[in-house]
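Participant: What shape does this take:
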Amino acid sequence: MRLKRATRTQSNSSRDAIAMCSGESADKVSVECSESFRRSRVRELLDADVDAIVGKTVTVKGWVRTFRDQKRFAFVNVNDGSNLGGIQVVVDAGNDAYENVVKKQLATGCAVAVTGKVVASPGAGQSIEIQVETMTVVGDAPTESYPLSKKRHTFEFLRGIAHLRPRTNSIGAVTRVRSALALAVHRFFDERGFRYVHTPLITASDCEGAGEMFR
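Facilitator: Presented below is the predicted three-dimensional model:
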């Protein structure tokens, strides 16, 4: 309880400090911050009832897996890691984002923030898509150096890019299975009164004087 109070106090202090620097009230800063960080996860959108979600304006943030420019509009697949497939967003040629983002900045692997209206998708294999209102590139990925593409990659190749391989379906599926298994094991023992303890590792290596604790 003390930790929660301390954290809340620190958070309020930070908010007041930002308010003082910006000249705005603390409550207004709090509202603006919550709005700017609010987003919907792709999995939640795809799992929602279609009739209930269609017509709503949402914000998704993730990386671009693929995109196709069809001259009159562009199809962009955005994935945030909450599922394997991602969600399709459509950028109309009349939208400012088409000329300013799709034509000039968009690339496979870059991170984007997309706000738009959820509509029923006429395409096969998907129930909804997002009609883009605004799109911002928040992290670029140079085409000449980004190693992942739409084609299938070997595990040998993925071992050399450990920081990016969770974006692939193969490694993404493996990590999800490992997470589920670890959770099941921990839950099994926790329900039976066991506690998970990090014990010291006994090793012959004496790195940075760690062996001094045994003398």
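Participant: make it CA atoms for all contacts and neighbour counts henceforth
Facilitator: Fine.
Participant: tell me the centre residue of this structure?
Facilitator: Nearest to the mean C-alpha position of the chain, by C-alpha atoms, centre = their mean, lies Asp80 at 3.6 Å.
Participant: Report the separation between that one and Pro142.
Facilitator: 19 Å (C-alpha to C-alpha, to the nearest Å).
Participant: Repeat that for Arg38.
Facilitator: Distance from Arg38 to Pro142, by C-alpha to C-alpha: 28 Å.
Participant: out of the two, which sits in the more crowded spot?
Facilitator: Using other C-alpha atoms under 10 Å as the criterion, Arg38 and Pro142 rank with Pro142 on top: 14 against 11.
Participant: which ones are touching the residue lying closest to Arg159 once chain neighbours are set aside?
Facilitator: Excluding the flanking residues, the one nearest Arg159 by C-alpha to C-alpha, 6 or more residues apart in numbering is Arg165, at 7.8 Å. Residues counted as contacts of Arg165 (C-alpha atoms under 8 Å, 6 or more residues apart in numbering) are Leu158, Arg159, Ile171, Gly172.
Participant: will you turn those into CSV that also has distance to Lys104?
Facilitator: Below are the contacts of Arg165 laid out as CSV (distance: C-alpha to C-alpha, whole Å):
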residue, distance to Lys104
Leu158, 29
Arg159, 32
Ile171, 31
Gly172, 30
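Participant: Of those, which belong to helices?
Facilitator: In helices, defined here by DSSP state H, the members of the contacts of Arg165 are Leu158, Ile171, Gly172.
Participant: what's the closest of the residues you listed to Gln88?
Facilitator: Closest to Gln88 out of these is Gly172 (19.0 Å), distances taken as C-alpha to C-alpha.
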